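Participant: here is a sequence with its predicted model. Questions after.
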Amino acid sequence: MPKSLIIPVENQVRELDAKLLLSLIAAERGYTSFIGARRLIDFRIASFPRSIYLSKSMTRRSRKMFRIMSDLGHRIVAWDEEALIHPPDDIYFSRRLDPVSIRYVTDLFAWGEENAQLWQRYPDLPSSIRIHLTGNPRGDLLRHEMKGFFDRETGQLKEKYGNFLLINTNFSFVNPFYPEQGLFKPGNAAEDGTRRVGLAGTGMDLDFVERLYRHKIDIFNSFTEMIPWLAGNFPGITVVVRPHPVENPGCYHEMAASLPNVVVTNQGNVIPWILASQAVIHNGCTTGIEAYMLKAVAISYQAAGDNVLDEEFYKLPNFLSHSCSSLEELKTIVSSVIAGETGPAAGEERDRLMSRYLAHQHGPLACELILDIIDGMYGEFAATPAPPRGRQLKGMSRALFRRFKKYLKSFKPQSKHRPEFQRYRFPGIPVNELKDRLERLGTVSGHSLSPRVQEVSDCIFRISSRSC
C-alpha cells in the first residue's frame with residue numbers, strides 16, 4: 001500500500017508552515033501527503049487513499065468525522081494544537097478531550113512532558129493509546145537553525161513598517177468573529193435567568209465560563225484603552241495590531257481609522273512579525289512563548305484580569321515575558337526597549353519551565369520524531385485489511401450526508417460554516433508560493449528534496465517525492 005498522510009490545517013497563518021515542513025520530510029521518506037484546509041479535506045475524505053490522518057484535536061465535535069474515517073479505513077493519530085496553554089485539568093478534559101473521539105486515536109504526540117502528563121491524568125484515556133514525547137512541528141519553526149526561513153518576510157516587514165510594536169490579541173472568547181462563537185450567546189437569557197453558553201464555552205462549567213468571561217472582557221477593555229494610548233505616546237513608532245485568527249477584527253479597524261500610526265493585519269505567519277518587531281505586547285498569548293523561543297522581547301500587559309486565572313491558565317506565556325501592570329509601567333519598559341536598554345526575558349527558571357512544556361528544542365526535529373513513529377506503525381497499518389466494503393459504503397454515505405448538512409449550515413447567518421469565515425481562517429495559497437516555501441524550508445532544515453506539488457482542488461495540495 002503506498003504510504004499516504006492526510007494533514008489538515010485549520011488556521012492557515014498559524015499551522016501551515018509547520019505542517020509543510022512535516023510534509024516535506026515525509027516526501028523525503030516516500031510518503032504522499034494531502035495537505036490543506038481541514039474543512040475541505042474532511043468534505044473529500046472518501047476520495048483519498050487509505051492514509052494516516054494527523055488530527056489537531058479530539059473534541060466531541062470530532063466524533064462523526066472520526067467514525068467516518070474509521071469506516072473508510074484511515075488511521076487517526078493526533079496532537080492538540082491548544083495543549084500548550086490550557087485551563088485546569090477538569091476544564092481541559094471536558095473541553096478538549098472526548099471519551100468517544102479519543103477511542104479512534106491510536107497515537108498521541110505530546111508538545112512536552114507537561115502535555116504528556118496532562119493526558120496521562122485523563123480518566124477516560126484508552127489503555128491501548130500510545131503517548132510519544134516528540135515536541136510539535138510548530139516548535140520546530142522556533143528553533144535557531146530555522147530562523148533563516150523567515151528572513152525574507154522579516155526584512156520586508158522591517159522595510160515596510162520600520163520600527164514597530166506588535167500587539168497580539170487573543171480575545172475570541174469575548175470578541176468572536178461571530179457572536180455565537182463566544183463564551184456566551186448573544187440575546188436573551190435562558191428561562192432560569194442564566195446566560196446561554198456559546199460555542200467557546202462548550203465543555204466548561206458555567207461558573208468557570210462566567211469567571212473566564214469576566215477575566216477576558218476586563219483584559220479586552222484594557223487593551224482597547226492601551227492601543228490608542230500607546231499610539232499617542234509613541235507617535236514615531238508604528239503599532240501593529242494582530243487579532244487572533246478567529247477573533248472579530250472590526251473593533252480594531254475602527255480604532256485604527258483615527259490613528260495614523262496603527263495598523264491592523266492578520267497576514268502571514270506570526271514568527272516574522274515577532275522577529276521584525278521591537279517588542280511583542282500580549283496577555284496570556286502563545287506569541288509570548290514564541291517570542292521567548294525566538295529570543296525576542298515580549299511584554300505581558302496585565303493591568304486587568306483575574307490573577308488566579310492568570311496563574312492557573314496563562315502562567316507560561318506571562319512568566320516568559322516582562323510583566324507590567326499599568327500604562328505608565330508599560331511606557332517605561334517600552335521606552336527602555338526602544339533605547340536598547342532592555343532585551344528579551346531570560347533566566348534559568350524560565351528555561352527549565354519552557355523545557356517541560358516544549359520537548360526537543362535541540363537535536364532531531366519534532367517532525368522527524370513524529371515521522372519515526374509513523375514509520376514504525378506503517379507496516380502494521382498497511383498489513384491490516386481494509387474494512388469490509390459494506391462498512392466503507394456506510395462511511396462514504398455518512399461523509400456525503402455530513403457534507404450536505406455543512407453546506408446547508410453555510411447559509412445560516414453568523415454560522416462558523418459561512419464561506420467568509422472559512423476563508424478568513426484559510427485564505428488559500430498559490431501553488432508557486434507553496435513550492436517556494438517548501439524550497440526554503442528544505443534549505444534551512446537540511447531536507448533539500450524538491451518535492452512534486454499538485455493542487456488537488458481548491459485549498460488542497462498533494463506533496464510527494466518526484467519518484468512517487
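Facilitator: Structure's in. What do you need?

Participant: do I have it right that R38 meets K56?
Facilitator: Yes. The criterion here is CB atoms under 8 Å, and R38 meets it with K56 at 7.5 Å. C-beta here means a position set from N, CA and C on the backbone, and glycine is covered the same way.

Participant: identify the contacts common to those two.
Facilitator: P8, E10 (CB atoms under 8 Å, 6 or more residues apart in numbering).

Participant: more neighbours, these two?
Facilitator: The residue with more neighbours, out of R38 and K56, is R38; 22 against 18, by other CB atoms under 10 Å.

Participant: who does the helix ranked longest in the chain touch, helix- and strand-wise?
Facilitator: Longest helix in the chain by number of residues, with DSSP state H as the criterion: helix 206-233. For helix 206-233, the elements it packs on are strand 164-168, strand 238-242, helix 250-256, strand 262-264, strand 298-301, helix 307-313, helix 327-338, judged by 3 or more CB pairs under 8 Å, 6 or more residues apart in numbering; DSSP states H and E.

Participant: just the angle between that helix and strand 164-168, please?
Facilitator: Interaxial angle, helix 206-233 versus strand 164-168 (axes from the mean of the first three to the mean of the last three CA atoms, to 10 degrees): 170 degrees.

Participant: buried ones in helix 206-233?
Facilitator: Buried positions in helix 206-233, judged by neighbour count with 16 or more other CB atoms under 10 Å: 208-210, 212-217, 219-220, 222-224, 226-227, 230-231.

Participant: could you pull up the mean pLDDT of that helix?
Facilitator: Per-residue pLDDT values over helix 206-233 give a mean of 95.

Participant: tell me the angle of it relative to helix 327-338?
Facilitator: 60 degrees.

Participant: how far does helix 206-233 sit from its chain's centre?
Facilitator: Relative to the chain's own centre, helix 206-233 is displaced by 22 Å; criterion: CA atoms, centre = their mean, to the nearest Å.

Participant: and what of stretch 128-135?
Facilitator: On CA atoms, centre = their mean, the centre of stretch 128-135 falls 19 Å from that of its chain.

Participant: which residues touch I6?
Facilitator: Applying CB under 8 Å, 6+ apart, we find I6 in contact with S33, F34, I35, I41, I45, F48, S51, I52, Y53, L54, H74.

Participant: adding secondary structure and distance to V240 as columns, could you present those residues in a markdown table?
Facilitator: Shown next, in a markdown table, are the contacts of I6 (DSSP: H, G, I helix; E, B strand; the rest coil; distance: CB to CB, whole Å):
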| residue | secondary structure | distance to V240 |
| --- | --- | --- |
| S33 | strand | 33 |
| F34 | strand | 34 |
| I35 | strand | 29 |
| I41 | helix | 32 |
| I45 | helix | 38 |
| F48 | coil | 39 |
| S51 | coil | 39 |
| I52 | strand | 38 |
| Y53 | strand | 36 |
| L54 | strand | 32 |
| H74 | coil | 41 |
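
Participant: ok, those residues vs E159, which is closest?
Facilitator: I35 (30.6 Å; CB to CB).

Participant: now do the contacts for that closest one.
Facilitator: I6, I7, P8, V9, K19, L20, S23, I460, F461, I463.

Participant: what's the pLDDT at it?
Facilitator: 98.

Participant: what do you get for S467?
Facilitator: Looking at S467, the pLDDT reads 68.

Participant: try M1
Facilitator: Confidence score, pLDDT, at M1: 76.

Participant: any idea how far A78 is from the closest residue to it other than its chain neighbours?
Facilitator: Closest residue in space to M1, ignoring its immediate chain neighbours: A382 at 4.2 Å, by CB to CB, 6 or more residues apart in numbering. Look at A382 and A78: by CB to CB, to the nearest Å, they are 20 Å apart.

Participant: okay, those two: which has more neighbours?
Facilitator: Taking other CB under 10 Å, A382 and A78 do not tie; A78 has more neighbours (22 against 11).

Participant: ok, that one - contacts?
Facilitator: A78 touches L54, S55, K56, S57, M58, V105, D107, L108, F109, counting by CB under 8 Å, 6+ apart.

Participant: quick check: the first one touching L5?
Facilitator: What that stands for is L54. Yes. The pair L54 / L5 is scored as a contact, 6.5 Å apart, by CB under 8 Å.

Participant: coming back round to it: quick one, which of the helices and strands packed on helix 206-233 gets closest to P272.
Facilitator: strand 164-168 (10.5 Å).

Participant: can you pull out the strands in the stretch 351-468 of the chain?
Facilitator: 452-457, 460-464 (DSSP state E, counting those that start in this stretch).

Participant: go through these and pick out the most buried.
Facilitator: strand 460-464 (a mean of 22; mean count of other CB atoms under 10 Å).

Participant: for that strand, which strands pair with it and how are they oriented?
Facilitator: strand 32-37 (antiparallel), strand 452-457 (antiparallel) (DSSP bridges).

Participant: out of those strands, the one nearest S323 is which?
Facilitator: strand 32-37 (37.2 Å).

Participant: please state the offset of that closest one from the chain centre?
Facilitator: 17 Å.

Participant: list the buried residues of that strand.
Facilitator: T32, S33, F34, I35, G36, A37.

Participant: kindly report the same for stretch 54-69.
Facilitator: Quick answer for stretch 54-69 (16+ other CB under 10 Å): 54-60, 62-69.

Participant: one step back: reformat the strands paired with strand 460-464 as CSV; add distance to S172.
Facilitator: Shown next, in CSV, are the strands paired with strand 460-464 (distance: least, CB to CB, whole Å):
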stretch, distance to S172
strand 32-37, 19
strand 452-457, 28
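
Participant: ok, which of the ones you listed comes nearest L199?
Facilitator: Closest among those, using CB to CB: strand 32-37, at 19.2 Å.

Participant: dump that closest one to PDB, restricted to CA.
Facilitator: C-alpha atoms of strand 32-37 as PDB (Å, rounded to 0.1, in the frame of the first residue of the first chain):
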ATOM      1  CA  THR A  32       2.500  11.300  -0.300                       C
ATOM      2  CA  SER A  33       0.800  14.000   1.800                       C
ATOM      3  CA  PHE A  34      -2.500  15.600   1.200                       C
ATOM      4  CA  ILE A  35      -2.400  18.900   3.000                       C
ATOM      5  CA  GLY A  36      -4.900  21.800   3.000                       C
ATOM      6  CA  ALA A  37      -7.900  23.400   4.600                       C
END
